[in-house]
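Asks: no FASTA, just this:
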């Protein structure tokens, strides 16, 4: 097995828990979304899956990859998984899913939620960046850019709901913690 194939396998299998333990069940939640929000709820996982699939196919076809690139990609991917699990366990038990109209049990400001307001979305972006670091191909940078747009759009849409549910407390949190990129945005 080549290094590229092994990395493709790690990157592909690493996404499984992120979808198995999603914070919301898409089938149950979809009826609560309307218009553009409904579109992005459906499009975002498809775009992420297309990017990751393309990256994994390219890795598999590449064969051997540089050790430094592989190490950087694995470190970023492991960081993404750690951030995701840190955020997800603070939302609630892994098997418990919430509907979008259900307000959070409480506004979390600890752990991953002290780093960014949307640690699960931020972790998706980190995980998508990992194979780009390894391969450095223009078309993967382009598909990653599409993923950034989709995830950022979802984060903004979700914040509208959270503001309506939590009010001034959420506004104060937004002033203190950045949306997806720590200390930046």
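Replies: Structure's in. What do you need? Every value quoted in this text rests on a predicted model; they were computed, and no experiment measured them.

Asks: Now for the protein, the helix or strand with the poorest mean pLDDT.
Replies: In the chain, no helix or strand scores lower on mean pLDDT, DSSP states H and E than helix 26-29, which sits at a mean of 83.

Asks: Quick one: list the elements packing against that helix.
Replies: Here helix 26-29 touches helix 35-62, going by 3 or more C-beta pairs under 8 Å, 6 or more residues apart in numbering; DSSP states H and E. C-betas here are computed from N, CA, C, even on glycine.

Asks: What are the buried residues along the helix it packs on?
Replies: 37, 40-41, 44-45, 47-48, 51-52, 54-56, 58-60, 62 (16 or more other C-beta atoms under 10 Å).

Asks: rewinding a little: now do the least confident helix or strand of the chain: everything it contacts.
Replies: The contact list for helix 26-29 (C-beta atoms under 8 Å, 6 or more residues apart in numbering) reads 41-42, 45, 97, 99-100.

Asks: For residue 171, state which of these is nearest.
Replies: If you rank the contacts of helix 26-29 by distance to residue 171 using C-beta to C-beta, residue 100 comes first, at 19.4 Å.

Asks: Run a quick neighbour tally on the closest one.
Replies: Residue 100 has 20 neighbouring residues, counting by other C-beta atoms under 10 Å.

Asks: now swap in residue 120 and tell me
Replies: For residue 120, the neighbour count with other C-beta under 10 Å is 22.

Asks: Distance check, it against residue 127.
Replies: Distance of residue 120 to residue 127, computed by C-beta to C-beta, to the nearest Å: 11 Å.
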